[in-house]
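A.B. asks: Starting from these lines, generate the structure:
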Amino acid sequence: MKFDPISLLYRLYESRLLREVQGGVLPRHIGLILDGNRRYARELGFSDLLAGHRLGADKLEQVLDWLEQLQIRIITIYVLSTENLSRPHGELTGLLDLIESKMRAVAVDPKIHQKEVRVRAVGQLNLLPLSLQAAIAQAQETTQAYNNFCLNIAVGYGGRQEIADAVKQLLRDRVRRGAAAEQVAEEITPEEIGKYLYMYDLPDPDLIIRTSGEVRLSGFLLWQSAYSEFYFCDTCWPAFRKIDFLRAIRSYQERKRRFGT
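C.D. replies: As a prediction, this is how the structure comes out:
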């Protein structure tokens, strides 16, 4: 086999980064905005842009292995926004079919069950095709007893809509209990609204990573990210490497978190 000095240097650098971050404080919960799938497909000259999404979907399995190595037990991935639902019909159908096939695969994946990964989808799931809703329900039902790792999939998700849904449900509950409008208004606090968010039972993300060079959240976890640290990576999601991931963790460890002060 031909000696590849670049590959050797990459492995040595990756090992050094891994040792470095293992010695620091690690985030409990990471949010990932998986951006750049279509751009990557164009860069490789693919006429079918869905090829980039397929490569991106395969990348996730690697990332779960990296998280396990560092014992980071909660991850939320942004795979489809509510705005994405207005994409051209052909592209959207292919993307929804890909998400459905991955959800069905997750439900029976031996590694998911061996690692005891709880899978949860968050978003306006009622806007999704019925077959995709069924695949999501299957993945959630087959993993609901697990609590070793949490894989949250934001699909048909919008951060503003999540906040609106939380407030509406809070109001419904208070009215159901017979509270007057003025009383309800007085009782609404950030803490009360937080109890009605999609992932109310999980800690907020400590670190949010976005790939492809875009420097914005695009509606991802707007409420929960108030005190998150952010890391924006130029690499497109399908090309995201372990060293990119470890650099994000190292950047997080180098910051002094002030939580608003």
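A.B. asks: could you say which helix or strand contains the closest residue in space to P238 that isn't next to it in sequence?
C.D. replies: The shortest distance from P238 to any non-neighbouring residue, by Cβ to Cβ, 6 or more residues apart in numbering, is to L55 (3.8 Å). Every residue, glycine included, has its C-beta placed from N, CA and C. For L55, the enclosing helix or strand under DSSP states H and E is helix 50-70.
A.B. asks: Give me the angle between the following helix or strand past that helix and helix 50-70.
C.D. replies: For helix 50-70, the following helix or strand on the C-terminal side (DSSP H and E) is strand 74-81. Orientation of strand 74-81 against helix 50-70 (axes from the mean of the first three to the mean of the last three Cα atoms, to 10 degrees) gives an angle of 170 degrees.
A.B. asks: Local confidence estimate at T261?
C.D. replies: If you check T261, the pLDDT there is 57.
A.B. asks: Tell me where the stretch 101-250 of the chain has helices.
C.D. replies: For the stretch 101-250 of the chain, the helices defined by DSSP state H, counting those that start in this stretch cover 110-114, 130-143, 159-176, 181-187, 190-194, 242-253.
A.B. asks: Check which residues of stretch 202-222 are buried.
C.D. replies: 202, 204-212, 217, 219-221 (16 or more other Cβ atoms under 10 Å).
A.B. asks: what's the farthest-apart pair in those residues?
C.D. replies: Spanning the widest gap among the buried residues of stretch 202-222 are L202 and S212, at 25.8 Å by Cβ to Cβ.
A.B. asks: Show me what the stretch of helix or strand L32 belongs to is packed up against.
C.D. replies: Secondary structure from DSSP H and E places L32 in strand 29-33. Strand 29-33 sits against strand 74-81, strand 207-210, with contacts defined as 3 or more Cβ pairs under 8 Å, 6 or more residues apart in numbering; DSSP states H and E.
A.B. asks: Parallel or antiparallel, list what pairs with it.
C.D. replies: Looking at strand 29-33 with DSSP bridges, its partner strands are strand 74-81 (parallel), strand 207-210 (parallel).
A.B. asks: So which of the ones you listed is nearest R19?
C.D. replies: Across the strands paired with strand 29-33, closest to R19 is strand 207-210 (Cβ to Cβ), at 19.3 Å.
A.B. asks: How far does the closest one sit from its chain's centre?
C.D. replies: With Cα atoms, centre = their mean, to the nearest Å as the basis, strand 207-210 stands 9 Å off its chain's centre.
A.B. asks: Over to stretch 199-217?
C.D. replies: 7 Å.
A.B. asks: Span of that stretch from start to end?
C.D. replies: For stretch 199-217, the first-to-last residue distance is 18 Å (Cα to Cα, to the nearest Å).
A.B. asks: what do you get for stretch 32-44?
C.D. replies: The first-to-last residue distance of stretch 32-44 comes to 23 Å (Cα to Cα).
A.B. asks: residues of that stretch that come out buried?
C.D. replies: By 16+ other Cβ under 10 Å, the buried positions in stretch 32-44 come out as 32-41.
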